[in-house]
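Peer 1: Structure of the sequence below:
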Amino acid sequence: MNRVVHFEIPSDNPEKSAEFYKAVFGWHTQKWGGMDYWLATTGDNTQPGINGAIMKKRDPKQPVTNSIGIKDMDVTIKAIEANGGKMVVPKTSIPTVGYYAYFTDIDGNIMGIMSEDKSAK
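Peer 2: You can find the predicted model right below:
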């Protein structure tokens with residue numbers, strides 16, 4: 001594990017951006033959940049690459065963010081903080097999927113972490 005497993009592209013108009021990525025790159029997109037969040041399948045899962053999402057921009061300076069799949073959220077958060085990183089979004093549940101959080105690394109880059117736990121509520 002501990003690999004980049006997901007990306008998020010912030011957009012002022014996620015639906016329009018989803019159409020753009022579909023037209024240009026052939027990505028398959030579908031709305032997920034009750035918010036402006038469009039899952040993006042970027043290609044054949046038998047080939048190298050990752051899938052992600054296009055989401056409603058929350059801040060004008062919000063960057064594209066990559067998320068790293070991890071085994072234990074609490075252990076990883078402690079390791080991030082012990083090594084000079086800073087949590088910017090706390091551990092949050094994704095119902096029936098797992099947990100996510102966001103941190104800045106020692107250079108101020110924002111990254112996400114995700115752990116699978118189907119019992120997440």
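Peer 1: And the strands in the protein, which stretches?
Peer 2: Using DSSP state E, the strands assigned to the chain run over residues 4-11, 28-31, 37-41, 51-56, 65-70, 86-94, 98-104, 110-116.
Peer 1: what's the angle between the longest helix along the chain and strand 4-11?
Peer 2: For the chain, the helix with the greatest residue count under DSSP state H is helix 14-25. If you take axes from the mean of the first three to the mean of the last three C-alpha atoms, to 10 degrees, helix 14-25 sits at 120 degrees to strand 4-11.
Peer 1: Buried residues in helix 14-25, which are they?
Peer 2: Pro14, Ser17, Ala18, Tyr21 (16 or more other C-beta atoms under 10 Å). Heads up, the C-betas are built off the backbone N, CA and C, glycines and all.
Peer 1: so which of the strands of the chain comes closest to Lys78?
Peer 2: strand 86-94 (10.2 Å; C-beta to C-beta).
Peer 1: any residues touching the closest one, and which ones?
Peer 2: Contact partners of strand 86-94, identified using C-beta atoms under 8 Å, 6 or more residues apart in numbering, comprise 73-74, 77, 80-81, 99-104, 110, 114, 120-121.
Peer 1: rerun that using 10 Å as the cut-off
Peer 2: Residues outside strand 86-94 that contact it (C-beta atoms under 10 Å, 6 or more residues apart in numbering) are 33, 73-74, 76-77, 80-81, 99-106, 108, 110-117, 119-121.
Peer 1: Extract the C-alpha set from it and format it as PDB.
Peer 2: Taking Å, rounded to 0.1, in the frame of the first residue of the first chain, the C-alpha atoms of strand 86-94 are listed here in PDB:
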ATOM      1  CA  LYS A  86       0.600  19.300   9.600                       C
ATOM      2  CA  MET A  87      -2.900  18.000   9.400                       C
ATOM      3  CA  VAL A  88      -5.200  20.400   7.600                       C
ATOM      4  CA  VAL A  89      -8.400  18.300   7.400                       C
ATOM      5  CA  PRO A  90      -9.000  15.800  10.200                       C
ATOM      6  CA  LYS A  91      -9.800  12.200   9.900                       C
ATOM      7  CA  THR A  92     -13.300  12.100   8.300                       C
ATOM      8  CA  SER A  93     -15.600   9.200   7.500                       C
ATOM      9  CA  ILE A  94     -16.600   8.300   4.000                       C
END
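Peer 1: All good on my end, thank you.
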